[in-house]
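J.: pasting the structure only:
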């Protein structure tokens, strides 16, 4: 795969000015918001809510709603604000952060601005960084006197349409395509999923409040999500008879999906219970007798339990392959490797899940080059195996390798180093893939200079292009390509 830096649009945002004659504040919105916080998001009296605010319409409406309704809880909610300066639009990014900080101060709310210091990044790396920082803010708040802490996001009903289109384009499973965003996942809550973009605009106009407009959001070529929102969603809404009709159809699909999921889950649990063997395996005769969708879900749950991660799912193509081999009575003993270093193994009438045997390390070979010119290191790496190999052409000081026990990494958004394994876990790298994630290291000291995540490279803070330490050479990863082995 090719990992490249995404060039951000630098057109400055404009501040949305409210109308001279403000519209009436939608009376239902604040009541619906409080009800969603309690019923859908699990936010209780006296809890701490960290509002993630970019300065755009959605998150600014979120901030106003939290500040104006916090007293409807007893004791009131503790509310603080987190905003993120990605540095992708020059001074405009700093102006967005200043706008949010000033708005928070009007309500007497603490606001923490997080500034990206990792050089050029991707949407995936920015999203992971925001998630990491927001989770840390919630954990800090939870350590205080509040009963619980949450991070509130500004996703709304129109975002559900965009998400549906993106999942459809990715080829997600049927139930995943229709499921939509959940009002709660981990510490994150989405209390605006029943409100539309128009509702939020009308709310802010009714209050006489402004927000920031990011010019990159109006360019359908900038990001795939933009194209879904600006090009595809309007055409689909028109075809369905309007945006309300489209949202109603998606809501109906979501409800049908939930009914189907509930039935399949209950049946799969019953099959697993009936097929369970004392040695931890499954009786294939019981499994084969189940309906196909139930059998698939039972396999998924069996593998999920073996991995120990509730979010684990077997890729659908692998699931079909495993199922075909299970129902084929003539297919004797076999083993099938799955993601996360897991293997399904059939012996006679028994199915087991066990850790997969690690692949043999690739033979050492020249795999690329690193050039250091003054304070700027430019990297182009062509690696035959993403698991890593010895790089004979790399100067003695630098090496591309796999992670090693005890490795530390100084993420650009953190004040100090943490264990590399902890960083990879926080970025959502699967446990079975962490040991093969390529890293660029100082061969003399062992310090990790850059980590190659699936969403793009992340450069360690001391070597980032805008690092404060003038004595440290700057490292900018311009390109890394991993080609299939010959």
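T.: Looks like it arrived, so ask away. Here the structure is a predicted model, which is why all the values come from computation and not from measurement.
J.: give me the low-pLDDT residue ranges for this structure?
T.: Low-confidence segments of the chain, defined by pLDDT under 70: 1-27, 118-121, 357-400, 455-456, 461-486.
J.: hey, which helix is longest across it?
T.: In the chain, assigned by DSSP state H, the helix with the most residues is helix 243-275.
J.: List of residues touching the next helix or strand after it?
T.: Following helix 243-275 in sequence order, the next helix or strand is strand 282-283 (DSSP states H and E). With CB atoms under 8 Å, 6 or more residues apart in numbering as the test, strand 282-283 has contacts from 272, 274-277, 298, 302, 349-352. Using the backbone N, CA and C atoms, a C-beta is placed for each residue, glycine as well.
J.: Let's see that with 10 Å instead.
T.: Strand 282-283 has contacts (CB atoms under 10 Å, 6 or more residues apart in numbering) with 271-272, 274-277, 289, 298-299, 302, 326, 344, 346, 349-353.
J.: what does stretch 129-140 give?
T.: 48-52, 54, 80-84, 86, 112, 114, 116-118, 121, 148-153, 186-188, 411-414, 423, 426-428, 458.
J.: which of the residues you listed count as buried?
T.: Buried residues within these, counting neighbours by 16 or more other CB atoms under 10 Å: 48-52, 54, 80-84, 86, 114, 116-118, 121, 149-153, 187-188, 411-414, 423, 426-427, 458.
J.: ok, residue 229 touching residue 217?
T.: Yes. Counting by CB atoms under 10 Å, residue 229 sits close enough to residue 217 to count as a contact (8.2 Å).
J.: who touches both of those two?
T.: With CB under 10 Å, 6+ apart, residue 229 and residue 217 have common neighbours residue 223.
J.: hmm, back to that, now restrict the contacts of strand 282-283 to buried residues only.
T.: Buried, going by 16+ other CB under 10 Å: 271-272, 275, 298-299, 302, 326, 344, 346, 350-353, out of the contacts of strand 282-283.
J.: Now intersect those residues with the strands, please.
T.: 344, 346, 350-353 (DSSP state E).
J.: Of these, which is the nearest to residue 70?
T.: Nearest to residue 70, judged by CB to CB, of those is residue 353 at 47.3 Å.
J.: quick one: contacts for that closest one?
T.: Shown in contact with residue 353 (CB under 10 Å, 6+ apart): 280-282, 299, 302-307, 338, 342-345.
J.: Put the buried members of those residues into a PyMOL selection.
T.: Per 16+ other CB under 10 Å, the buried members of the contacts of residue 353 correspond to this PyMOL selection:
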select buried, resi 281+282+299+302+303+304+306+307+338+342+343+344
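J.: Same question for stretch 260-279: list its buried residues.
T.: 264, 267-268, 271-272, 275.
J.: ok, residue 251 to residue 53 distance?
T.: 27 Å (CB to CB, to the nearest Å).
J.: the more surrounded of these two?
T.: Set residue 251 next to residue 53 and count neighbours by other CB atoms under 10 Å: residue 53 wins out with 30 against 15.
J.: wouldn't residue 454 be in contact with residue 436 here?
T.: No. Using CB under 10 Å, residue 454 makes no contact with residue 436, being 11.6 Å away.
J.: To which secondary structure element type does residue 49 belong?
T.: The three-state label given to residue 49 by DSSP: H, G, I helix; E, B strand; the rest coil is strand.
J.: ditto for the one 5 residues further on
T.: When states are read from three-state DSSP, the local structure at residue 54 comes out as coil.
J.: Torsion angles phi and psi at it?
T.: phi -90, psi -20 (degrees, to the nearest 10).
J.: who are the neighbours in contact with residue 286?
T.: With CB under 10 Å, 6+ apart, residue 286 has these contacts: 271-277, 298, 349.
J.: So it versus residue 302, what's the distance?
T.: 12 Å.
J.: about what we covered before: any idea how far the longest helix of the chain is from the chain center?
T.: Distance, stretch centre to chain centre, for helix 243-275: 23 Å (CA atoms, centre = their mean, to the nearest Å).
J.: what's that helix packed up against?
T.: On a contact count with 3 or more CB pairs under 10 Å, 6 or more residues apart in numbering; DSSP states H and E, helix 243-275 meets helix 157-170, helix 174-179, helix 233-240, strand 282-283, helix 284-288, helix 292-307.
J.: before we move on, the earlier item: so which of the contacts of residue 286 would you say is closest to residue 224?
T.: residue 298 (34.0 Å).
J.: So that closest one sits against residue 275, correct?
T.: Yes. The pair residue 298 / residue 275 is scored as a contact, 7.5 Å apart, by CB under 10 Å.
J.: Need the overlap of contacts for those two.
T.: Joint contacts of residue 298 and residue 275 (CB under 10 Å, 6+ apart) are 282, 286-287, 290.
J.: Just the element for residue 203, please.
T.: Using DSSP H and E, residue 203 falls in helix 197-207.
J.: Report the distance from that helix to the chain centre.
T.: Distance, stretch centre to chain centre, for helix 197-207: 28 Å (CA atoms, centre = their mean).
J.: quick one, helices of the protein?
T.: Applying DSSP H to the chain gives helices spanning 27-39, 57-69, 91-106, 123-142, 157-170, 174-179, 197-207, 224-227, 233-240, 243-275, 284-288, 292-307, 316-327, 420-426.
J.: highest average neighbour count across those?
T.: helix 57-69 (a mean of 23; mean count of other CB atoms under 10 Å).
J.: helices or strands next to that helix in the packing?
T.: Here helix 57-69 touches helix 27-39, strand 48-52, strand 78-85, helix 91-106, strand 149-152, helix 197-207, strand 211-213, going by 3+ CB pairs under 10 Å, 6+ apart.
J.: let's see it at 7 Å
T.: Helix 57-69 sits against helix 27-39, strand 48-52, strand 78-85, helix 197-207, with contacts defined as 3 or more CB pairs under 7 Å, 6 or more residues apart in numbering; DSSP states H and E.
J.: Distance check, residue 354 against residue 173.
T.: In this view, residue 354 and residue 173 are 25 Å apart by CB to CB.
J.: same deal with residue 111?
T.: Taking CB to CB, one finds residue 111 at 40 Å from residue 173.
J.: So for these two, which residue has more residues nearby?
T.: residue 111 (19 against 16).
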